[in-house]
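J.: sequence first, then the predicted structure:
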Amino acid sequence: MAQISSVCRVAQLMPDSGTVGVTAIDKRPLDEPVLVKKLGLYGDVQADRTHHGGTDKAVYAFADEDAAHFEGLLDRVVEPGLFGENLRTQGLDVTGAVIGERWHVGEKLILEVTMPRTPCGTFARRMGEQQWVKRFTAEGRPGAYLRVVRAGAVAEGDGILVSDRPAHGVTIGDVFGGLTAAAAQRLLAGAAAGGRVAEPVLDAASRAAARLSA
């Protein structure tokens with residue numbers, strides 16, 4: 001059964017050479033339940049709110065299985081929170097999650113998959129690895145952002161039940177790797193039929209679909 005293996009929240013703001021001057025990427029595991037509401041975990045923050053946070057990026061999830069892949073690639077431990085994630089999952093294909101599918105977590109919390117994570121300079125500085133953005137992107141395992149459909153508490157060990165998976169079938173991996181025109185059209189058709197698709201994903205789908213008529 002899919003479950004939450006770790007719940008992480010910002011431990012401290014750290015100095016950063018980016019434009020904001022500080023970063024909240026330093027997430028660390030909690031040993032008690034935490035409430036998750038519209039803008040994410042209680043007590044969590046984002047330093048750069050232009051590019052991070054908001055309702056469509058309220059929670060960031062990354063899979064244990066993908067962390068293990070990067071451990072092999074980097075020959076170092078990828079402990080929970082290192083990539084700035086709020087949730088570590090186990091037994092769930094996060095890259096294969098369909099845009100718009102919902103995760104029922106624990107007793108009450110419902111999350112909806114919105115878009116893949118886009119690696120940035122802050123992430124690269126956090127990791128201290130050469131050409132990290134390029135290398136991370138090449139592996140095609142970005143993790144997923146989620147919006148909060150129904151507030152609730154989350155804790156290590158909570159089960160995850162996937163439901164309401166949209167018929168378009170377009171996944172986090174598809175969006176991150178670059179949508180084909182056909183996948184983009186399916187995604188746009190789903191949105192036109194009433195499915196909720198985050199604006200950055202809609203923009204990417206519109207550009208990809210336009211290639212058919214170019």
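T.: Noted; the coordinates are in hand. Residues are numbered from 1 along each chain as shown.

J.: need the phi and psi values for the residue nearest the centre of the chain.
T.: In the chain, the centroid-proximal residue (Cα atoms, centre = their mean) is residue 144; its distance is 2.3 Å. The phi/psi pair for residue 144 (degrees, to the nearest 10) reads phi -130, psi 140.

J.: now for this protein, the helix or strand with the poorest mean pLDDT.
T.: Using mean pLDDT, DSSP states H and E, the weakest-scoring helix or strand in the chain turns out to be strand 14-15, at a mean of 82.

J.: now do it: which elements does it pack against?
T.: On a contact count with 3 or more Cβ pairs under 8 Å, 6 or more residues apart in numbering; DSSP states H and E, strand 14-15 meets strand 22-23. C-beta coordinates here come from the backbone N, C-alpha and C atoms, glycine included.

J.: next SSE after the strand it packs on?
T.: Per DSSP states H and E, strand 22-23 leads on to strand 27-29 as the next helix or strand towards the C-terminus.

J.: what average pLDDT does that following strand get?
T.: What strand 27-29 shows for mean pLDDT is 97.

J.: buried set for that strand?
T.: Across strand 27-29, burial judged by 16 or more other Cβ atoms under 10 Å covers residue 27.

J.: now it: how far from the chain's centre is it?
T.: 16 Å (Cα atoms, centre = their mean, to the nearest Å).

J.: tell me what it is packed against?
T.: Packed next to strand 27-29, using 3+ Cβ pairs under 8 Å, 6+ apart, are strand 3-10.

J.: just checking, what packs against the strand it packs on?
T.: Here strand 3-10 touches strand 27-29, strand 87-90, going by 3+ Cβ pairs under 8 Å, 6+ apart.

J.: if we go by neighbour counts, what in it is buried?
T.: 3-10.
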